[in-house]
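Asker: here is my input, please return the structure:
(one chain, ligands or ions: 2)
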Amino acid sequence: MRIGVIGGGAWGTALAQVAARGGAEPVTLWARELEVVASINAERVNHAFLPRVELAQSIRATGELSELRACDALLVVAPAQHVRSVLTQAAVGSTPLVLCAKGIEAGSKMLVGEVARAVCGQAPVAVLSGPTFAHEVAAGLPTAVTLACEDAGLRARLGARLASRSFRPYASDDVAGAEIGGAVKNVLAVACGVVEGAGLGQNARAALIARGFAEMTRFGRARGARAETLAGLSGLGDLVLTCSSTSSRNFSLGVGLGQGRAAAELLADRRTVAEGAFTAPVLAEAARDAGVEMPVTDAVVRLLEGAEPGAVIADLLARPLRDEGH
Ligand SMILES: NC(=O)c1ccc[n+]([C@@H]2O[C@H](COP(=O)([O-])OP(=O)(O)OC[C@H]3O[C@@H](n4cnc5c(N)ncnc54)[C@H](O)[C@@H]3O)[C@@H](O)[C@H]2O)c1
Ligand SMILES: O=P(O)(O)OC[C@H](O)CO
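Answerer: Ligands and ions are numbered 1, 2, ... in the order given. This is a model prediction of the structure:
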């Protein structure tokens, strides 16, 4: 199976490395930035997004989307807000798509899988998601992910193609569940960073992870996700990872917000993506539409809009007491 990758950021590059390790076929990596294409092909390094990692010889970068049409499956790794435009330009027909971005599209409130189905109606869709810092995956450190696809045959072929001694895909048929965990955890990671930045302590962080998971579960169930998927690698697993480390861009954004810095300043001029900043407002809207309470998400939205951290935290802590199972 010849794999193509759409997106030459840190995760797309690390996944190209995964595909190179998992099989002998060449891997085509489409990058938007010509300097990324040039440095991968000439030096085997993506200096802009994944520095200091030597990439496999079988990875060939290109700036031409049309070259992806020769592939048997495509890993879609553009940021969530750009998936629609990139897939529209790529016009990949019925080639299977493995969606690896984590987010919800602003405006349409669609999960990335829903966007892909709307743009590429004939393409089978899978989702790859889980606790995966790109630099660790690229370095070959042990990693496990959820690989969700309704078509059992395609799921098995993709899993076998991408698996290696250091990369273990766990199969699922719950596509929406795998997507929702990844999208919601980014917003919760921002909130956990705020706890760190504001110096609220480790008890508060653990409480936020647990109550955030309750929030993820309420929203996921309302959108058709299964509870066991949300409790797996793509949900709770990724939530724990990104809520515990400054390697997470979302957590780091939250640290800055918790220290009282403005979101605009923290997001200005950054080349890398903190998906939680874009997902939070649309997730809050989608939750209201579904009649689901998401107080932590609402708090992140207020902080991104410039509210003072002390006031937002005080409001969260002043909410009425309730049953834990609610
Ligand atoms: N980095 C990780 O460790 C990691 C792990 C798992 C999932 N993800 C997810 O992968 C997705 C991509 O993140 P990343 O870390 O590879 O990106 P990145 O932050 O390393 O780089 C930014 C990417 O955005 C692209 N981009 C910017 N503007 C664009 C536009 N207008 N149209 C198309 N693309 C544009 C750039 O070309 C680049 O590929 C995100 O949804 C992220 O949540 C990242
Ligand atoms: O750096 P973050 O916060 O985008 O997290 C990267 C991955 O999603 C971790 O699984």
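
Asker: tell me how far Thr243 lies from Cys71.
Answerer: Thr isn't right for residue 243; it's Cys. As for Cys243, its distance to Cys71 is 35 Å (criterion: C-beta to C-beta, to the nearest Å). All C-beta atoms are positioned from the backbone trio N, CA, C, and that covers glycine.

Asker: quick one: low-confidence ranges for the stretch 101-250 of the chain?
Answerer: Along the stretch 101-250 of the chain, no part satisfies pLDDT under 70.

Asker: who in it is up against ligand 2?
Answerer: Contact residues (C-beta under 6 Å from any ligand atom) of the stretch 101-250 of the chain with ligand 2: 102, 131-133, 186, 189, 238, 241-242, 248-250.

Asker: what helix or strand is the residue of the stretch 51-200 of the chain at minimum distance from ligand 2 on?
Answerer: Taking C-beta to the nearest ligand atom as the measure, the stretch 51-200 of the chain has Thr132 as its residue closest to ligand 2, at 4.4 Å. In the assignment (DSSP states H and E), Thr132 maps to no helix and no strand.

Asker: tell me the contacts of it?
Answerer: When contacts are counted by C-beta atoms under 8 Å, 6 or more residues apart in numbering, Thr132 touches 11, 14, 143, 145, 238, 241.

Asker: give me phi/psi at Ala73?
Answerer: Main-chain torsions, Ala73, degrees, to the nearest 10: phi -160, psi 150.

Asker: pull the number of nearby residues for it.
Answerer: The tally of other residues near Ala73 (other C-beta atoms under 10 Å) stands at 21.

Asker: and Phe167, by the same measure?
Answerer: Counted with other C-beta under 10 Å, residues neighbouring Phe167 total 22.

Asker: how near is it to ligand 1?
Answerer: 13 Å (C-beta to the nearest ligand atom, to the nearest Å).

Asker: hmm, back to that, and the residues of the stretch 101-250 of the chain next to ligand 2 near ligand 1, which?
Answerer: Among these, the residues that sit close to ligand 1 (C-beta under 6 Å from any ligand atom) are 102, 132-133.
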